[in-house]
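>>> Build me a model from this:
(one chain, ligands or ions: 1)
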Amino acid sequence: MLATDPDVTTPLHQGSTMPPVVHLRNGGTSLVVDLTAHPNPAIVHWGADLGDASERTLESLAVAARLQRVSGGLDATARLTVAPTDAGGWLGTPPLEGHRNGASTSALLTLNGIEHDGAAVLMHLVDDENALTLDVRLSVGSAGLVRAGVTLTNTGMTEYTVQTLQAMLPVPWDSTEILDTTGRHLRERTSQRHTMTFGSYVRESRRGRPGADATLLLAAGRPGFGFEHGQVHAVHLAWSGNQRVLAERGTTGEVFLGGGELFGPGEVTLAPGERLAAPELIGSWGDGLNELAGRFHDEWRARPQHPRRPRPITLNTWEAVYFDHSLARLTALADAGARLGVERFVLDDGWFRHRRDDTAGLGDWYVDDGVWPQGLHPLTDHVTGLGMEFGLWFEPEMVNPDSDLARAHPDWLLRGRETLPPSARQQQVLNLAHPDAYDYLFTRISAILTEYPISYIKWDHNRDLVDAGSGPNGARRVHAHTLAVYRLIDALKAAHPGLEIESCASGGARVDLGILDRTDRIWVSDCLDPVERLENQRYTGLVVPPEMMGMHLTTPHVHSTERTVPLTMSGAVALFGHFGIEWDVSALSDADAATVADWVALAKYVRPVVATGRVVNVDVADPGLDVRGVVSADQSTAFFTISQTQTLISSPTGRIRLPGLVDGHEYRLRVITPGGVVTEPAQSPLEWAHHDTVLTGRQLGAVGVRPPVQHPQQSVVVALTRV
Ligand code: DGJ
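A predicted model of the protein is given here:
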């Protein structure tokens with residue numbers, strides 16, 4: 001369970017007596033909680049494994065974290081605990097705020113009992129005067145990922161309106177540099193860094209989805225931390241609706257990362273006895289971002305529902321045909337794809353009633369019988385006859401005002417006023433919390449999935465939610481709508497076992513572990529330009545395992561940027577993910593078809609390592625050079641790409657390291673780029689590529705090799721195999 005309802009009732013070992021300190025250890029991470037802190041427990045360490053520390057030293061660690069009284073402050077300086085509030089003197093951002101019809105805003109939560117084992121602790125906090133309980137659950141997973149879940153219960157006799165409910169995790173005081181991501185459509189997850197000064201740094205999403213500009217994670221570390229080294233901690237909020245993450249540095253020596261859902265006024269009110277679970281705040285740390293990312297990947301892969309079979313090579317029709325749907329054109333595309341080695345054919349937008357362009361039809365989830373007089377059967381039969389799986393595009397939450405659905409059920413549209421909210425791509429949003437709207441979607445999607453052999457849905461979401469009310473003067477609905485989306489996905493998956501779902505939102509505007517806990521792949525970006533994708537994929541990969549990231553080889557004449565990028569780079573940049581093609585490959589020259597087929601074959605060759613190995617981003621000195629790789633779990637094999645985005649000042653340039661292998665083992669280096677080493681004709685050969693070059697893991701990681709001299713927008717793929 002995640003995000004919507006952290007399983008706070010998981011039976012943990014009930015300690016016979018309450019220990020003063022709880023030490024959670026797992027996967028190389030320690031989390032130490034001082035249960036004696038006032039007014040409720042405090043985390044006194046999150047990070048490096050402290051080993052098998054004695055109770056005495058752990059208690060001393062807790063004592064050593066206590067605050068002194070200082071001039072100008074309260075008589076006891078309030079500290080960051082798991083639930084600090086202003087009634088306890090806390091003057092920073094609180095994790096809990098709310099009221100009872102405008103009254104009783106002062107909560108003071110004290111510890112009433114705990115349940116714990118070596119890797120998790122559940123703390124029951126109560127405020128009898130205010131009739132609230134807060135269950136705080138902290139756990140450390142098998143790869144050292146920390147999960148913080150808070151669940152609020154209204155134990156009173158009147159309604160309690162929740163304004164803020166969030167978790168907060170302290171980070172080391174010397175974490176003075178922040179890293180997060182921002183962006184826009186076609187350029188999601190662009191990194192940004194700055195100094196963490198005193199005060200709060202807050203990133204909010206009010207788009208009803210995280211958004212293209214959302215930060216996937218908020219990291220704080222020692223200045224200059226990189227991918228390979230430097231202490232860094234980060235949090236991610238597993239939630240697909242409105243949200244806030246923050247980093248705060250206070251003048252009483254407390255620094256923390258936190259996050260929770262962002263509620264509209266009056267959006268969430270708890271009836272007597274009702275409870276609300278905040279989305280999980282997931283924390284990771286590492287000596288460098290690669291280690292931090294590895295914890296996310298390992299724990300995500302350990303989930304029972306993780307897609308484990310080899311990720312099928314996908315051909316998506318969008319940039320191949322857009323709305324130009326015809327059986328002849330699509331079967332020709334499928335034929336070409338099958339010849340190239342494609343394993344899954346995904347029919348994108350444009351197949352349903354009234355959908356001849358993007359102005360109409362959303363909501364009318366019936367196959368358009370003008371375009372498809374025999375339904376999709378001739379196409380699905382053709383595709384499956386070629387041995388490929390069939391996937392289909394939906395945008396369930398959306399509706400065009402020009403649709404039968406909107407005309408029949410105007411009351412199903414989210415709106416806060418008589419007039420509809422501003423439109424985006426000529427569309428509005430359905431209120432999935434409306435039971436009839438929900439039932440309609442489940443029934444229609446299920447009917448299509450039942451009629452056709454569809455094993456995959458590309459689930460799109462192409463606009464932000466604004467003024468998202470249940471109707472004129474109605475209640476805010478983003479929270480309820482987000483939960484309903486989760487319910488709908490879960491119900492469709494339960495009703496259609498084996499169904500895989502890709503989460504897409506104008507590209508990568510809904511990338512979060514809430515949606516990814518119930519889907520199988522993220523569409524990283526609508527920008528298929530490999531040069532642009534390098535940064536996006538690198539930072540998306542800090543949280544999302546590579547095999548869950550959709551990466552497509554595309555035409556050299558890139559649609560979204562009009563840049564011309566050779567196939568070599570397009571193939572290489574798509575290699576370390578869920579590989580696909582998005583291009584009209586029915587019109588390829590023989591030479592291009594052979595090259596694409598080689599890339600498909602290479603993608604199949606590397607995918608077992610991509611899906612189970614460790615991602616290695618290399619810190620390099622040249623801004624125009626990008627070096628990244630995947631290393632198999634047993635460290636016997638690795639693949640690296642060396643991509644050049646621009647000319648380098650130094651030519652040839654200095655050696656690059658290929659880290660992540662076993663120091664004492666020997667590895668043979670081979671260039672395996674389809675088409676061989678591409679260098680400028682004026683260059684002499686790259687010597688190591690033409691020798692039987694064998695180096696130790698230590699030599700590769702500490703010294704390295706000369707990269708080939710390449711033109712801009714070229715890549716090579718290197719294989720390292722243990723001798
Ligand atoms: C936005 C998606 O990101 C694209 O890949 C494509 O599916 C279009 N929507 C279709 O409308």
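
>>> quick one: Arg628 is in a helix?
No - going by DSSP: H, G, I helix; E, B strand; the rest coil, the assignment for Arg628 is strand, not a helix.

>>> How about it, nearest residue that isn't a chain neighbour?
Leaving aside its sequence neighbours, Arg628 sits nearest to Asn617 (C-beta to C-beta, 6 or more residues apart in numbering; 5.0 Å). (Each C-beta comes from the backbone N, C-alpha and C, glycine too.)

>>> dump the residue contacts of the one you found.
Shown in contact with Asn617 (C-beta atoms under 8 Å, 6 or more residues apart in numbering): Phe227, Glu228, Leu289, Asn290, Arg538, Gly541, Val627, Arg628.

>>> Equivalent analysis for Phe225, please.
Phe225 makes contact with Glu177, Leu179, Gln231, Val232, Gly288, Leu289, according to C-beta under 8 Å, 6+ apart.

>>> Where does this protein get nearest to the ligand, residue-wise?
Relative to the ligand, the nearest point of the chain is Asp349 (3.5 Å; C-beta to the nearest ligand atom).

>>> Nearest residue to that residue in space, ignoring adjacent ones along the chain?
Spatially, and ignoring its direct neighbours in sequence, Asp349 is nearest to Trp393 (5.1 Å; C-beta to C-beta, 6+ apart).

>>> Also Val600?
Leaving aside its chain neighbours, Val600 sits nearest to Gly341 (3.9 Å; criterion: C-beta to C-beta, 6+ apart).

>>> Quick check: the closest residue to Glu129 other than its chain neighbours vs Arg79, distance?
Nearest residue to Glu129 in three dimensions, chain neighbours excluded: Leu108, at 7.4 Å (C-beta to C-beta, 6+ apart). Here Leu108 is placed at a distance of 14 Å from Arg79 (C-beta to C-beta, to the nearest Å).

>>> More neighbours: those two, which one.
Arg79 (24 against 19; other C-beta atoms under 10 Å).

>>> for that one, helix, strand, or coil?
Per three-state DSSP, Arg79 ends up coil.

>>> What's the mean pLDDT across stretch 579-593?
For stretch 579-593, mean pLDDT is 97.

>>> Stretch 689-709 too?
Per-region confidence: stretch 689-709 scores 96 on mean pLDDT.

>>> do stretch 165-173 as well
98.

>>> Now tell me what touches it from outside.
Outside stretch 165-173, the residues touching it (C-beta under 8 Å, 6+ apart) are 43-44, 46-47, 80, 82, 93, 95-96, 98, 136, 146, 148-150, 152, 220, 231, 233, 235, 244, 253-261, 276, 278, 280-281, 283, 285.

>>> what sits against Ala689?
With contact set as C-beta under 8 Å, 6+ apart, Ala689 has these partners: Leu669, Arg670, Val671, Val677, Pro708.

>>> Could you verify that it is part of a strand?
No - read with three-state DSSP, Ala689 is helix and lies in no strand.

>>> so where's the chain shaky on pLDDT?
1-16, 676-681 (pLDDT under 70).

>>> Around the ligand, pick out the residues from it.
Selection of the chain residues close to the ligand by C-beta under 6 Å from any ligand atom yields Trp318, Asp348, Asp349, Trp393, Asp460, Asn462, Cys504, Ser506, Gly507, Trp523, Asp526.

>>> circling back: quickly list what the residue nearest to Asp349 is bridged to.
Using DSSP bridges, the beta-bridge partners of Trp393 come out as Lys458.

>>> In contact with it, which residues are there?
So Trp393 contacts Trp318, Val346, Leu347, Asp348, Asp349, Trp351, Ile457, Lys458, Asp460 (C-beta under 8 Å, 6+ apart).

>>> measure the residue nearest to Arg628 to Thr721 for me?
Noted for Asn617: a distance of 21 Å to Thr721, by C-beta to C-beta.

>>> Give me the residue at the spatial middle of the protein.
Centroid check for the chain by C-alpha atoms, centre = their mean gives Asp512 as the closest residue, at 3.7 Å.

>>> quick check: domain ranges of the chain?
With domains defined by automatic domain parsing, the chain comprises 15-301, 616-722.

>>> residue ranges for the helices of the stretch 1-150 of the chain, please.
Along the stretch 1-150 of the chain, counting by DSSP state H, counting those that start in this stretch, helices occupy 55-64.

>>> do the chain as well
Taking DSSP state H to define them, one finds helices in the chain at 55-64, 289-301, 318-321, 327-340, 377-385, 404-408, 435-451, 478-495, 513-516, 530-540, 567-574, 590-612, 697-702.

>>> C-alpha coordinates for the third one, CSV please?
So that's helix 318-321. In CSV, the C-alpha atoms belonging to helix 318-321 read as follows (Å, rounded to 0.1, in the frame of the first residue of the first chain):
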residue,chain,number,x,y,z
TRP,A,318,1.9,9.1,-32.6
GLU,A,319,4.8,10.8,-34.4
ALA,A,320,4.5,8.2,-37.2
VAL,A,321,1.0,9.1,-38.3
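
>>> What are the contacting residues of that helix?
Helix 318-321 has contacts (C-beta under 8 Å, 6+ apart) with 329-330, 333, 348-350, 393, 528, 554-555, 559, 582-586.

>>> And for His691, the neighbour number?
Residues near His691, counting by other C-beta under 10 Å, number 10.
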